[in-house]
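Q: next one to model:
(chains A and B)
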Amino acid sequence: MSEPMDRLDDATFKRELTGLIPHLRAFARSLCGDAFMADDLAQDAMLKAWHARESFQAGTNMKAWAFTILRNVFYSEKRRSWRRESLDPEVAEATLVSPSNPGDGLDLLALRNALNMLPEDQREALILVGAGGLAYEEAAEVCGCAVGTIKSRVSRARKAVTDLLESNQSGFSSDDTMRAAEAFDDIMEQAAAISAANNG
Amino acid sequence: MDEKKTAGRKQADTERKRRGDRLGEQLRRLYDDVTHENVPDDFLRLLEEAERARSPDKSDKS
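A: Next up is the predicted model:
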């Protein structure tokens, strides 16, 4: 560890960064809740990562490193414009419901709604660890906090989401009929809201 | 009666674990829905541009 920092050559760095773009987009979308703004954020983070490539140490986790940059951009600069107050139903439908399997879409829509109700710190911890595949230690680095803090955020987030899905959506009950019906009601409410907005 | 309690708790634990697994699976699906999308061309174009802007001469320190 006494050696100077190992650096990747530009071509290797670029190749690895390119491979991470899908993850930057996914993490950005979980922060923004809006696909278009998320891509804007992800592009900004990607370019910042490119320009900061000399500070990346070869052999360490580039995903965690790039996520840290993305998160800093999100919280420092354009947070207000990137984070909408609530999820735009039209966007939610366009980005979350997979047409090939509508049943899946309803489930995931309920999950997305539940995630949106979490405090931001819990939501990002749960996404990083539960979906992004980061170790607790890496997530702690990304969020700039202690490992124990991440662990407790993840555990509180899991509990809150599970409770929300059970109480509001019956999301994880074994009663599939009930779940579909409630999710359907949810969609209908959103459809009504959209048409009201269009007519207004 | 103690046995009954233990069994009940075991069942609750199993149920909790099942829901936890399901939550994890759905979280990953939500995330992978995005990672499986095609990356918009903008990303690669911007990265190419950034690389080109730099490569002609490495005049970092003038």
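
Q: show me which residues of chain B sit near chain A.
A: Applying Cβ under 8 Å from any Cβ of the partner chain, one finds that chain B approaches chain A through B:19-20, B:22-24, B:26-37, B:39-40, B:42-44, B:46-47, B:50-51, B:55. (Each C-beta comes from the backbone N, C-alpha and C, glycine too.)

Q: filter the residues you listed down to the buried ones and hand me the PyMOL line.
A: Those of the residues of chain B next to chain A that count as buried under 16 or more other Cβ atoms under 10 Å in any protein chain shown are selected in PyMOL with:
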select buried, chain B and resi 19+23+26+27+29+30+31+33+34+35+43+46+47
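
Q: just the residues of chain B next to chain A: which are in helices?
A: Using DSSP state H, the members of the residues of chain B next to chain A that fall in helices are B:19-20, B:22-24, B:26-35, B:42-44, B:46-47, B:50-51.

Q: next, count neighbours for residue A:58.
A: Residue A:58 has 13 neighbours, counted by other Cβ atoms under 10 Å in any protein chain shown.

Q: pop out the phi and psi values for the nearest residue to it once chain neighbours are set aside.
A: Distances taken as Cβ to Cβ, 6 or more residues apart in numbering or on different chains place residue A:6 nearest to residue A:58, at 3.9 Å, with adjacent residues excluded. Dihedral angles of residue A:6 (phi, psi; degrees, to the nearest 10) stand at phi -80, psi 140.

Q: show me where pLDDT drops low in chain A?
A: By pLDDT under 70, the low-scoring segments of chain A are A:1-4, A:77-105, A:168-200.

Q: all helices of it, in order?
A: Secondary structure of chain A, counting by DSSP H: helices at A:10-32, A:35-51, A:62-76, A:79-82, A:89-96, A:102-116, A:120-126, A:136-143, A:147-164, A:176-199.

Q: redo the ones you listed as JSON lines? Include distance to chain B.
A: Below are the helices of chain A laid out as JSON lines (distance: least, Cβ to the nearest Cβ, whole Å):
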{"stretch": "helix A:10-32", "distance to chain B": "4"}
{"stretch": "helix A:35-51", "distance to chain B": "5"}
{"stretch": "helix A:62-76", "distance to chain B": "11"}
{"stretch": "helix A:79-82", "distance to chain B": "16"}
{"stretch": "helix A:89-96", "distance to chain B": "7"}
{"stretch": "helix A:102-116", "distance to chain B": "5"}
{"stretch": "helix A:120-126", "distance to chain B": "7"}
{"stretch": "helix A:136-143", "distance to chain B": "13"}
{"stretch": "helix A:147-164", "distance to chain B": "6"}
{"stretch": "helix A:176-199", "distance to chain B": "12"}
